[in-house]
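# everything below, folded, please.
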Amino acid sequence: MLRALSTVLNPSELTGIVNVGDDLTMHGLRICPDLDTITYTLAGLNNTETGWGLAGESWRVMQELGNLGGEAWFGLGDRDLALHLYRTQRMAQGDSLADITADVLRHFGVGITLLPATEEQIATTFTTYEHGVLSFQEYFVKYHHDVSVENVTVANAAQATPSAGVLDAISSAQRVVISPSNPLISIGPILAIPGIEAALQQRRDDVVVVSPLIGGKALKGPADRLLVEQGFSADSRGVANYYQSFASTLVIDIADANDAPLVEAAGMHCVVTQTLMSDDQRSRNLAEVVLDV
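Residues are numbered from 1 along each chain as shown. Okay, the predicted model is just below:
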């Protein structure tokens, strides 16, 4: 969504507030999957087949780690490891995650600002019926999100504070766009940080959500299943019910056009358009729709 918006706006006008509930420390390295995936994508370096990591990556370190009997279920490419080593070094020196992220963006030639939702370490966890409590990466990578979730919790979020600039970005933006990410595990951990949802409520008329579902299904990941497991319907009405208290408009795909009355009944204005960003033109069209609401 950020890349699409950058085709119609100057990148310097865009600020992305990024989930850090997926972050983890592994092999002694601080890893920030969402920040890194967005950075690689905006730089045009992302692996489009996997949706994460770098294109043309090699895996010699992970292969050797596995050969040694080490924990290698969470794949880190050789070039990707360099970023984690750099971030961990900088954090050990006392630098903030926001400053490190800004320097990484400059290195890759990205003009968009990315702010971690908080500088403090929070962690999305899943209480599952099959394996008890799992970390995000255990749920998503180790078990391929193929388990039943009783509850989603964001540990330490209640004690966290928004990163510098986050609340100002929300209050001063001409338009706040919530991208078509998983509401519960990509957007939810951001909302769990005190002050952020309240800031969105103050801007509700200017907050636009792009639905993560097309035809009642997530394009990838467990968003549709998680919505049902957490008491929401896996359709536009369920998405609207999740967001309606702090967003005024829901953009849904043409495949879900019949859901428009349900969205309106949930208290949100509904816009129907093509939401699948399958090529540059469709991405630009969606960006224009979102900005013109």
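# give me the mean pLDDT for whichever strand or helix holds E64.
E64 is part of helix 60-67 when elements are defined by DSSP states H and E. Across helix 60-67, pLDDT averages out at 93.
# ok, now stretch 280-288?
96.
# for stretch 143-158, same thing?
89.
# need the outlier residue of this structure, farthest from its centre.
Within the chain, L68 marks the point farthest from the mean C-alpha position, 33.5 Å out by Cα atoms, centre = their mean.
# ok, it to G75 distance?
L68 is 16 Å from G75, where distance means Cβ to Cβ, to the nearest Å. The C-beta positions use only the backbone N, C-alpha and C, and glycine is treated the same way.
# what is the neighbour count of N67?
Neighbour count of N67, defined by other Cβ atoms under 10 Å: 9.
# separation between it and D256?
Using Cβ to Cβ, N67 is found at 48 Å from D256.
# for R79, which non-adjacent residue is closest in space?
Using Cβ to Cβ, 6 or more residues apart in numbering and skipping the chain neighbours, the partner closest in space to R79 is L54 (5.3 Å).
# contacts only, for that neighbour.
L54 makes contact with Y40, L45, N46, N47, G77, R79, D80, according to Cβ atoms under 8 Å, 6 or more residues apart in numbering.
# identify the bridge partners of the residue lying closest to the first one once chain neighbours are set aside.
With sequence-adjacent residues excluded and distances taken as Cβ to Cβ, 6+ apart, Y40 is closest to N46, at 4.1 Å. With beta bridges defined as DSSP bridges, N46 has these partners: L54.
# N46 reaches G56, doesn't it?
No - between N46 and G56 there is no contact under Cβ atoms under 8 Å: 10.8 Å.
# neighbour count winner among those two?
More neighbours surround N46 than the other of N46 and G56, with 20 against 9 (other Cβ under 10 Å).
# which pLDDT value belongs to the more buried one?
With respect to pLDDT, N46 has a value of 84.
# before we move on, back to that, name the residues that touch the helix holding E64?
For helix 60-67, the surrounding residues in contact (Cβ under 8 Å, 6+ apart) are H27, E71, A72, G75, L76, G77, D78, L81.
# and the last one, how close does it get to L105?
Pointing back at L81 there. From L81 to L105 the distance is 19 Å (Cβ to Cβ).
# ok, those two, which is more surrounded?
The residue with more neighbours, out of L81 and L105, is L105; 20 against 16, by other Cβ under 10 Å.
# now do the SS call for the more buried one.
helix (DSSP: H, G, I helix; E, B strand; the rest coil).
# touching, it and T39? I think so.
Yes - in this structure, L105 is within contact of T39 by Cβ under 8 Å, at 6.2 Å.
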